[in-house]
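A.B. asks: My questions concern the predicted model and sequence given below.
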Amino acid sequence: MALAADLMGLGQGPAISSRVASGGTGPVTIVAAGNSAATATQIFAGQFVVYVTLGTGGVAAPAFSDSGAVLIYDNYVIHNGTGGTITVYPPVGVTVNIGGTNITRASPGTLATLRTVSIWTGPTTTQWFGLLN
Amino acid sequence: MALAQDLMGLGENPLAAARMAGGGSGPVTLACAGTNAATATQIGGTQFMVYVNSGPAAGGVQLPANGGIGGPLIYDNFVVHNGLGTTMTVYPPTGVTLNVGGSNVTSANGFSLTTLKTLSIWTGPTTTQWFGLSN
C-alpha cells in the first residue's frame, strides 16, 4: 500500500492517504540517536514503516497524544539496518507485549542488526503488542 | 482490507483499489515452481497476499521488482505463506537485498520458508534494499 503520496496520486485525499498507506507519510528512513527514551529519535505518528539506516542508540514510538494522532491498531514496523543493536522505546505509560516479554519505556526492547519489529497500537492507549524476528 | 474488487464494490477506483487492498488484486493462491529465481513462479506487482498451495518440493516464488506499470512502490507490503507440506524458497528480485531475521537474502540464495510459515516483506526503503519479518 505504499506511501501516502502514492495514494494521493491515485486520487485519494491527503487525510485518508496518510492513514491508509502502509508506509504512512514517510520519511522512509530514520537515524537512531541518544541513550534514553528522552534522547532517542522520535518516530512521527504517520511514519508507519521505518528503516533505521544510521546512528547508534534508539528510536521512540509515537504516543496517542502526539501530533498527527496515533489511533487504535495502527501498525508501526521498524527495521534495524545498522551494524549494531538499537533500542526501541514505547511511549510513556504504554506496555508492549513482544515475544513473551513486557516492554516499557523504563525497560525498552532491543532490536539486533537486520531484525524487524512490528507493533500494533492497541487494544488500548496503554496496552500494545508486537511481533519480532 | 480485503481484495481490490471488494474496494471497487465500495466505490473505489480500480487503480487505488488495487494499491490499497491488503490482498491487492489477487489471485489469492499461487503454485510454486522451479529451482531458482529464474524459474520460480513470479508474484504479480499488486498480488500482495499469497498463499502457496501447490507446486513441487523445493519450488519457489519470486517477488516483483519496484517500478513499471503496476509494479511495487516503496513500502508496499507483500505476505507469502507456505501452505505446502514441504519447504519452499522466496526469491527477491535481481539486485534487491532483503534483510530477514538477521540475514541478507538475495535472488541468488533466496529465503527458505518452511511448512506453514509466513514471510512479510516491505519493499523499501529503496528499490534495492528491502526487509522482512518471518515466524
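C.D. replies: Arrived safely.
A.B. asks: Which residues does stretch B:80-90 contact?
C.D. replies: B:32, B:40, B:43, B:50-55, B:57-63, B:110-119, B:121 (Cβ atoms under 8 Å, 6 or more residues apart in numbering or on different chains). For glycine as for every other residue, the C-beta is placed from the backbone atoms N, C-alpha and C.
A.B. asks: Quick one: mean pLDDT for it?
C.D. replies: Stretch B:80-90 shows a mean pLDDT of 97.
A.B. asks: for it, how far is the first residue from the last?
C.D. replies: 8 Å (Cα to Cα, to the nearest Å).
A.B. asks: What residues sit buried inside it?
C.D. replies: In terms of neighbour count (16 or more other Cβ atoms under 10 Å in any protein chain shown), stretch B:80-90 has its buried residues at B:80-84, B:88-90.
A.B. asks: same thing with stretch A:5-25?
C.D. replies: Buried-residue list, stretch A:5-25, by 16+ other Cβ under 10 Å: A:5-8, A:10, A:12, A:17-25.
A.B. asks: chain center to it, what's the gap?
C.D. replies: 18 Å (Cα atoms, centre = their mean, to the nearest Å).
A.B. asks: tell me the SS of B:Ser107?
C.D. replies: What DSSP: H, G, I helix; E, B strand; the rest coil gives for B:Ser107 is coil.
A.B. asks: Just list the residues touching it, thanks.
C.D. replies: B:37, B:62, B:91-96.
A.B. asks: Read off the pLDDT value for it.
C.D. replies: Confidence score, pLDDT, at B:Ser107: 98.
A.B. asks: Distance-wise, check it relative to chain A.
C.D. replies: According to Cβ to the nearest Cβ, to the nearest Å, B:Ser107 stands 17 Å off from chain A.
A.B. asks: For the closest residue to that residue other than its chain neighbours, give its distance to B:Val61.
C.D. replies: Of all residues not flanking B:Ser107 in the chain, B:Ala37 sits nearest, at 4.1 Å (Cβ to Cβ, 6 or more residues apart in numbering or on different chains). According to Cβ to Cβ, to the nearest Å, B:Ala37 and B:Val61 sit 10 Å apart.
A.B. asks: Mind listing the shared neighbours of the two?
C.D. replies: Common neighbours of B:Ala37 and B:Val61 (Cβ under 8 Å, 6+ apart) are B:Tyr91.
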